[in-house]
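1. what would the 3D arrangement of this be:
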Amino acid sequence: MGMKISTKGRYALRVMVDLSEQDPEKFTPLKEIAQRQEISEKYLESIIVAFSKAGYLIGHRGKGGGYRLAKDPETITVGEVLRLVEGELAPVACLSVCGEVNCDRAEHCKTLPMWEKFYSMTNEFFDGITIADLADRGEEGDYYMI
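-> Sure thing, here's the model as predicted:
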């Protein structure tokens with residue numbers, strides 16, 4: 001994977017921000033999230049399932065059912081969300097196994113330190129922004145300054 005965030009990654013962030021803005025004691029129906037975010041219910045369900053399995057969301061079936069965050073949005077980082085749906089955010093294939101270098105040429109590679117630094121900066125950037133930051137960014141959209 002290159003450093004391009006997929007549609008699924010972008011939608012996952014929108015879903016988590018959406019849920020962070022709802023009453024944390026109530027379950028939000030999938031249909032409502034889909035309508036607000038203009039995402040098909042079927043596509044949304046695939047995202048929701050991944051987050052439920054990973055312990056980020058709690059689901060409830062039946063009357064009054066839906067989903068709610070299992071964690072405080074201030075404790076969920078953008079990095080966690082993206083890694084859950086995108087896998088590692090490695091800029092090059094040789095760093096794609098949890099940041100470990102997987103290359104026979106590593107000790108002679110002149111570009112590897114640059115890629116490692118970029119990988120580190122990317123993760124630090126996304127791990128420094130929470131779902132709560134995105135929800136609270138206001139009109140300026142300056143969450144990245146936090």
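2. number of nearby residues for the closest residue to Cys109 other than its chain neighbours?
-> Distances taken as CB to CB, 6 or more residues apart in numbering put Cys103 closest to Cys109, at 6.9 Å, once the chain neighbours are dropped. All C-beta spots, glycine's among them, are computed from the backbone N, C-alpha and C. Applying other CB atoms under 10 Å, we find 14 other residues in the vicinity of Cys103.
3. from Ala93, how far out is Cys103?
-> Distance, Cys103 to Ala93, by CB to CB, to the nearest Å: 9 Å.
4. swap in Leu134?
-> With CB to CB as the criterion, Leu134 and Ala93 are 29 Å apart.
5. these two: who's more crowded?
-> The residue with more neighbours, out of Leu134 and Ala93, is Leu134; 21 against 12, by other CB under 10 Å.
6. and the helices in the protein?
-> Ranges of helices within the chain are 7-20, 30-37, 41-53, 78-86, 112-127, 131-135, based on DSSP state H.
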